[in-house]
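Participant: Have a look at this prediction, sequence included:
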Amino acid sequence: MIKVAPSLLAADMGDLRAAVARVEQAGADYLHLDVMDGNFVPNISYGAAVIKALRPNSALFFDVHLMVEEPGRFLADFAAAGADLLTVHYEACRHLHRVIQQIKALGVKAGVALNPATPVEVLRDILPDLDLVLLMSVNPGFGGQSYIEGCTAKIARAAALLKELGCRAELEVDGGIYAANAAQVIRAGANVLVSGTGVFGQPDWAAAIAALRGAAC
Ligand code: DX5
Ligand code: ZN
């Protein structure tokens, strides 16, 4: 089943609580929360305090994407804030295995994200421990960028590696995804589509979510 994870980065920052309620009503499967530290990526967004403030008003699965250098320092804060899944970047962790075990010890699902230039093969030894793999289809840091076409073949390589190893991790793709290009992402093997502008930038969020989910049908 295809899941749609609207990225709150593209919502009205002055009224996030209303945006979360509205996107939940519109049929989102996950809420994708982009945390940027101004170091790992050249932008700063929001942190655990904002996620904690949104948590009591939503039953959505909080899919937290940490674009943060050495995220091990902040995992407990994000788990306490109500994250259901913490995804860290391969490129941001000196000791990735330890970080993944820390996430699991907090009782939260664990994901690893790869930048566009990082090959999927680096995940081979950590994949059995993961609940989710996130492939970036833009360079992380900003919403509204264009999908990097070469990522479609990379999604297929990641799906093949998951199959080869018998892993059940979800395969999420993030960046530049709209109803118009979602079919190729799904056909390549992704099952979770992150979309910021493709949902919050559209006039009808429910229609946008339904179009993303049904793109390959
Ligand atoms: C980029 C973020 C994405 C971003 C996606 O660094 O990780 O989640 O919000 O936005 P769109 O869908 O607009 O490319
Ligand atoms: Zn993201």
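Facilitator: Received the coordinates, thanks. Ligands and ions are numbered 1, 2, ... in the order given.

Participant: what are the ranges of the strands in the chain?
Facilitator: 3-6, 30-36, 61-67, 85-89, 109-114, 132-136, 170-174, 192-195 (DSSP state E).

Participant: Pull up the pairing partners for the first one, direction included.
Facilitator: Spelled out, that is strand 3-6. Neighbouring strands of strand 3-6 in its sheet, by DSSP bridges, are strand 192-195 (parallel).

Participant: returning to that earlier point: now render the strands of the chain as a markdown table, adding mean neighbour count.
Facilitator: To be clear about C-beta, it is placed using only N, CA and C from the backbone, and glycine gets the same treatment. Below are the strands of the chain laid out as a markdown table (neighbours: other Cβ atoms under 10 Å):
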| stretch | mean neighbour count |
| --- | --- |
| strand 3-6 | 27 |
| strand 30-36 | 25 |
| strand 61-67 | 25 |
| strand 85-89 | 26 |
| strand 109-114 | 22 |
| strand 132-136 | 26 |
| strand 170-174 | 24 |
| strand 192-195 | 27 |
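
Participant: Residue 182: which of these is closest?
Facilitator: Of all those, it is strand 192-195 that lies closest to residue 182, at 5.8 Å by Cβ to Cβ.

Participant: just to revisit the earlier point, just put the strands of the chain in a markdown table and tack on distance to ligand 1.
Facilitator: Below are the strands of the chain laid out as a markdown table (distance: least, Cβ to the nearest ligand atom, whole Å):
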| stretch | distance to ligand 1 |
| --- | --- |
| strand 3-6 | 8 |
| strand 30-36 | 5 |
| strand 61-67 | 5 |
| strand 85-89 | 10 |
| strand 109-114 | 8 |
| strand 132-136 | 7 |
| strand 170-174 | 5 |
| strand 192-195 | 5 |
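
Participant: got CSV for those strands, with distance to residue 182 too?
Facilitator: Output for these, formatted as CSV (distance: least, Cβ to Cβ, whole Å):
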stretch, distance to residue 182
strand 3-6, 9
strand 30-36, 15
strand 61-67, 17
strand 85-89, 20
strand 109-114, 19
strand 132-136, 14
strand 170-174, 9
strand 192-195, 6
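
Participant: could you check the distance from the residue nearest to residue 167 when sequence neighbours are not counted over to ligand 2?
Facilitator: Spatial nearest neighbour of residue 167, excluding adjacent residues (Cβ to Cβ, 6 or more residues apart in numbering): residue 127 at 4.8 Å. To ligand 2, residue 127 is 20 Å away according to Cβ to the ion, to the nearest Å.

Participant: which helix of the chain spans the most residues?
Facilitator: Longest among the helix segments of the chain by residue count, using DSSP state H, is helix 151-165.

Participant: And the residue of the chain closest to ligand 1?
Facilitator: Closest residue of the chain to ligand 1, Cβ to the nearest ligand atom: residue 196 (3.0 Å).
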